[in-house]
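Asks: I'll drop the sequence and a predicted model, then ask my questions.
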Amino acid sequence: PKDFAESGGIIPGTRAAAYSLVVRGDVPIPVLIAAPHAGRHYPDALLSKMRDGEYSQIRLEDRLVDKIAHAAADQTGAGLLISHAPRAMIDLNRATDDVDWDMIADASPDIVRHSAANRRARSGLGLVPRRLPGLGEIWNARLNEAELAARIRQIHAPYHSALAQTLQYLRDKWGAALLIDLHSMPPLKKAHKDDVPAHFVIGDRFGASASDRLVA
């Protein structure tokens, strides 16, 4: 069977695809590797609104983690889903209601601005990141609601549709499916002089996203 490959969604203001997906035709393992914060395609209009674009890009991106994802997929046969849209534009690991409405210039007046749904947004890292340590406000102007809706429609919705359909396909083939969401972060600091910090950290949302046996 032939490999399946597609590019989908579109980054507003460009002709660039929001993501790319590859699944091997023989489906050798029921695993999908995803890199939702790997995007590095910045439209000029987005960069012009950033107070310090270079700083923000480095802090928001899981820089070059897509290279690791490609290598892992090549060696194992896992499916591969890579975001090309930058996290600065929209965070694909956030729900669409995880919004800091104070950064939306023309937000509807009846929107519930403070709820459990947008708790992370109010800390600065919601669906559209707003603040970063060491910088403060990322943007020099507020976003309008139409721009936000376009990002959700053209990036977030297609990406998550591809993610859900691929996991369903793997489950239909194997009876189970595993999503490995790849991220990168600064090196961990030593807790003491003889400490050897981990180079790889397996996160499972405190047991909510995977069983202890699987993580072990």
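Replies: It's in.
Asks: longest single helix anywhere in this protein?
Replies: What stands out as the longest helix in the chain, according to DSSP state H, is helix 157-174.
Asks: how distant is it from the center of its chain?
Replies: The chain centroid and the centroid of helix 157-174 are separated by 16 Å, computed with CA atoms, centre = their mean, to the nearest Å.
Asks: residues of that helix that come out buried?
Replies: 158-160, 162-163, 166-167, 169-170 (16 or more other CB atoms under 10 Å). Just so you know, the C-beta spots here come from the backbone N, C-alpha and C atoms, and that holds for glycine as well.
Asks: Run through who's touching it.
Replies: If you take CB atoms under 8 Å, 6 or more residues apart in numbering as the criterion, helix 157-174 is touched by 6, 8-9, 18-19, 21, 23, 27, 30-32, 34, 36, 79, 81, 83, 85, 92, 176-177, 179.
Asks: Ok, stretch 3-22 next?
Replies: 23-25, 39, 41, 43-46, 73, 79-85, 89, 147, 150-151, 154-155, 157-159, 162, 166.
Asks: Start and end of that stretch, how far apart?
Replies: The distance separating the two terminal residues of stretch 3-22, taken as CA to CA, to the nearest Å, comes to 7 Å.
Asks: as a whole number, average confidence for it?
Replies: In this model, stretch 3-22 has an average pLDDT of 97.
Asks: ok, now stretch 34-45?
Replies: Here stretch 34-45 scores 96 as its mean pLDDT.
Asks: what's the answer for stretch 150-170, then?
Replies: Along stretch 150-170, the predicted confidence averages to a pLDDT of 98.
Asks: ditto for stretch 186-206
Replies: The predicted confidence, averaged over stretch 186-206, sits at 90.
Asks: what about residue 159, distance to residue 198?
Replies: In this structure, residue 159 lies at 29 Å from residue 198, with CB to CB, to the nearest Å as the measure.
Asks: quick one on the thing from earlier: so what touches the helix or strand following the longest helix of the chain?
Replies: Reading on from helix 157-174 to the C-terminus, the next helix or strand found by DSSP states H and E is strand 178-181. The list of residues contacting strand 178-181 from outside it, by CB under 8 Å, 6+ apart, reads 30-36, 78, 93, 163, 167, 210, 214.
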